[in-house]
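S.K.: Just to be clear, the model below is a prediction. Sequence and coordinates:
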Amino acid sequence: MSEHVEPSPDQETSRELPARIVIPPIKGEMVHLRPATVEDLPRLDELDAYYNASRITGKDAQAERAVVHTWVRRSVAWANGQAASESGVGDPESRRTIAWAVLTDSDHDDDGKVDAEATDNVIGMVFLIDVDGWARSARIQVLLGKDYRGRGYSRDMMPRVMTYGFAPEPAGLGMHRIWVAVPEKNTRSLSVYQSLGFVKTGSSRDALWDAENSRYQDLIVLDTLFDEYDPIRSLDAFGMHVIEDNPGMREALAMREHSVAIKQRQSDDRRKDDAATTADDARREAYEKIGVTPASADVADATNGSGTTQADTTNDETSNWPYGQSERKSSKNAWWRNLGLNRKRDTEED
């Protein structure tokens, strides 16, 4: 677990979400996102976006439709500078929601027409829900029309939305944690989230009703943290390219470059230490062959003549980029080093 640090008064003030937010457009290779509007809601019905909701989210279609309408209205209210209570669907905890409409210009059937022309190119929505300024936490969820599932759209949009969510203010939301909740039978979504670096943190037993099989099922909770998520590598994992104009991406590239430089210097220091150790071993072996034990010389070399060991003088620079924080008191490692496999975490292995 991360080391707990009490926030300063300035930090506490900064944890309040802004009264108004400008929801940025986000570009992808297959889709692009714009702020969702109330006028987009009927399009979701045309797309049959609530089809098989019980399998995807664990809710029935009617409940899913109602909650999506609530999310969009909360998002519009925040963009208009209205308080949570003024959205008509207020949240007693004053948490916020951001909703984007997902649009595509694709023509998969090569008939010369955009696939989603009938719905003004809208094929679904993506949300950051329960945006909690105090805990710096948000939940992500994707909703796609029935005919647009399984085509890789989620893999294109989700890393870019998460980059915005994690990016420090004002480039992004400055979240510390992004999480998801997925029914156990929705194995496709579970695979996508785990490929993005989400880690299973627990499950709510029998939390959902599986209407298809007339039985209860577990709700799986997964999350990823700011210092675990690499936006560039997550795009690479899905064969997507970096789009520098997207919110938070320039900051991510700059921080990653800084992290790489720090790691390179630390690697150079380790190589120098290894070379010095090899030289000392060779000299000691040579003395032993002639029956001499240069104990005093060894002590002097080991302490650099000043009582300070080589280990004490090793470069211990730190970085603002989380992947370079060797001093972090945590059991977590940045997932991109091995694409999320074999990570040390205080949770049950998947």
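M.R.: Everything's here; your move. Numbering: from 1, shown residues only.
S.K.: For the rest of this, base every contact and every neighbour count on C-alpha atoms.
M.R.: OK.
S.K.: who's in contact with Thr224?
M.R.: Thr224 makes contact with 177-179, 197-199 under the criterion Cα atoms under 8 Å, 6 or more residues apart in numbering.
S.K.: I'd guess it is in a strand, am I close?
M.R.: Yes: applying DSSP: H, G, I helix; E, B strand; the rest coil, one finds Thr224 inside a strand.
S.K.: Quickly note the distance from it to Leu44.
M.R.: Going from Thr224 to Leu44 by Cα to Cα, to the nearest Å gives 29 Å.
S.K.: Got the confidence number for Thr309?
M.R.: Thr309 carries a pLDDT value of 43.
S.K.: on that earlier part again, any idea which of the contacts of Thr224 is least confident?
M.R.: Within those, Gly197 has the lowest pLDDT, namely 89.
S.K.: can you pick the most crowded of the contacts of Thr224?
M.R.: Ranked by neighbour count (other Cα atoms under 10 Å), the contacts of Thr224 have Val199 at the top, with 26 neighbours.
S.K.: Angles on the backbone of it, please.
M.R.: phi -120, psi 140 (degrees, to the nearest 10).
S.K.: Relative to Asp230, how far out is it?
M.R.: Distance from Val199 to Asp230, counting by Cα to Cα: 14 Å.
S.K.: about what we covered before: from the contacts of Thr224, which is closest to Gln141?
M.R.: Nearest to Gln141 among the contacts of Thr224: Trp179, at 9.2 Å, using Cα to Cα.
S.K.: Could you say which helix or strand holds the closest one?
M.R.: strand 177-183 (DSSP states H and E).
S.K.: What of Val89?
M.R.: Using DSSP H and E, no helix or strand contains Val89.
S.K.: which one is it nearest to, not counting chain neighbours?
M.R.: Thr70 (6.2 Å; Cα to Cα, 6 or more residues apart in numbering).
S.K.: That neighbour - how many residues pack around it?
M.R.: For Thr70, the neighbour count with other Cα under 10 Å is 17.
S.K.: what helix or strand is it on?
M.R.: Counting by DSSP H and E, Thr70 is part of helix 61-79.
S.K.: buried residues in that helix?
M.R.: Residues of helix 61-79 classed as buried by neighbour count (16 or more other Cα atoms under 10 Å): 61, 64-65, 68-79.
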